[in-house]
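Fold the following and give me the result.
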Amino acid sequence: MVFETRGSDSPWIDSVWTCRSEHVTEMTCVASQNWGLVFWVQEDVAFAGISGPETRCGTAPVPEGADFVGVQFTVGTSLRAVSAPTLVDGGILLPDVTDRKFWLAGSHWETPRADTAEALVERLVRDEVLVRDPLVSAALSGQLPATTERTLERRFRAATGLTQGAVRQIGRARSAALLLSAGEAPSQVVDKLGYYDEPHLARALRRYVGRTAGQLREGSGGALALDLGQRTTS
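Sure thing, here's the model as predicted:
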């Protein structure tokens with residue numbers, strides 16, 4: 001599988017990615033605090049779907065010879081028409097999809113390429129298909145909202161489908177996986193990311209990434225759905 005991932009200047013987008021599947025039938029999906037839109041073509045048939053946040057790692061089949069474009073949204077961005085908690089550890093296959101359009105929230109939208117993702121998101125924001133809870137946005141930026149912790153947690157769950165703690169733990173495990181894949185030693189990752197010790201790191205990797213520290217440093221263990229700095233993972 002050949003992954004390429006880039007960031008975005010849009011405050012609504014966490015990343016934009018493309019993938020080409022070649023000779024891989026299964027991959028390990030890393031836990032993610034983000035939901036996304038995914039578009040793919042296989043044997044000249046177009047598909048589109050909404051992928052929800054994942055609370056732990058798992059495996060997924062990979063359609064052979066398919067080309068993917070995906071947009072991962074920032075934590076706190078949500079679809080007005082879809083309850084965020086219903087997307088957790090799941091997703092929705094969208095109807096009426098062609099290589100030019102797809103159906104979402106009662107309207108047709110132009111199917112994006114990797115270089116037109118921002119334009120699609122701008123239209124979705126303008127038409128209020130995508131929304132953000134200002135209370136959640138404030139909490140994510142490190143501000144202390146003028147509300148009770150209980151109210152904030154309820155609003156956070158409604159906007160993301162996850163608890164604040166789960167978002168932090170998943171994000172930290174993904175960061176650890178990237179650092180280890182870049183060659184850093186487990187002891188360095190423990191110090192840098194605030195794990196208690198290496199066994200604590202190992203448990204997080206097992207739950208959220210599905211790899212050991214050694215496998216990540218070696219690049220072994222099979223196909224892994226994780227941004228590894230635009231490198232090929234097979």
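
separation between the residue nearest the centre of the chain and Gly219?
Compute the mean C-alpha point of the chain, and by Cα atoms, centre = their mean the closest residue is Asn34, 4.1 Å away. Using Cβ to Cβ, to the nearest Å, Asn34 is found at 24 Å from Gly219. (Glycine included, C-beta is placed from N, CA and C.)

next one: Gly70
Using Cβ to Cβ, Gly70 is found at 22 Å from Gly219.

Compare the two (neighbour count), which wins?
Here Gly70 and Gly219 are compared on neighbour count by other Cβ atoms under 10 Å; more neighbours surround Gly70, at 21 against 14.

Which residue ranges of the chain form strands?
Ranges of strands in the chain, per DSSP state E, are 2-6, 13-20, 26-29, 36-42, 45-51, 58-61, 67-73, 77-79, 91-93, 101-104, 107-110, 130-132, 224-225.

which regions of this structure sit below the pLDDT cut-off?
Filtered on pLDDT under 70, the chain yields the residue ranges 1, 23, 227-234.

Relative to the whole chain's centre, how far out is the top helix by length along it?
What stands out as the longest helix in the chain, according to DSSP state H, is helix 164-181. Computed by Cα atoms, centre = their mean, to the nearest Å, the chain-centroid distance of helix 164-181 equals 12 Å.

same check, this time on stretch 100-117
Computed by Cα atoms, centre = their mean, the chain-centroid distance of stretch 100-117 equals 19 Å.

ok, and what's touching it?
For stretch 100-117, contacts defined as Cβ atoms under 8 Å, 6 or more residues apart in numbering pick out 4, 6, 8, 13, 16-18, 39, 46, 48, 69, 71, 79-81, 94-99, 119-120, 123-124, 127, 129.

so how far is stretch 209-218 from its chain's centroid?
Distance of stretch 209-218 from the chain centroid (Cα atoms, centre = their mean) equals 19 Å.

should've said stretch 60-68
17 Å.

what residues are up against the residue of the chain most remote from its centre?
Distance to the chain centre peaks in the chain at Ala146, reaching 29.2 Å (criterion: Cα atoms, centre = their mean). Counting by Cβ under 8 Å, 6+ apart, Ala146 makes contact with nothing.
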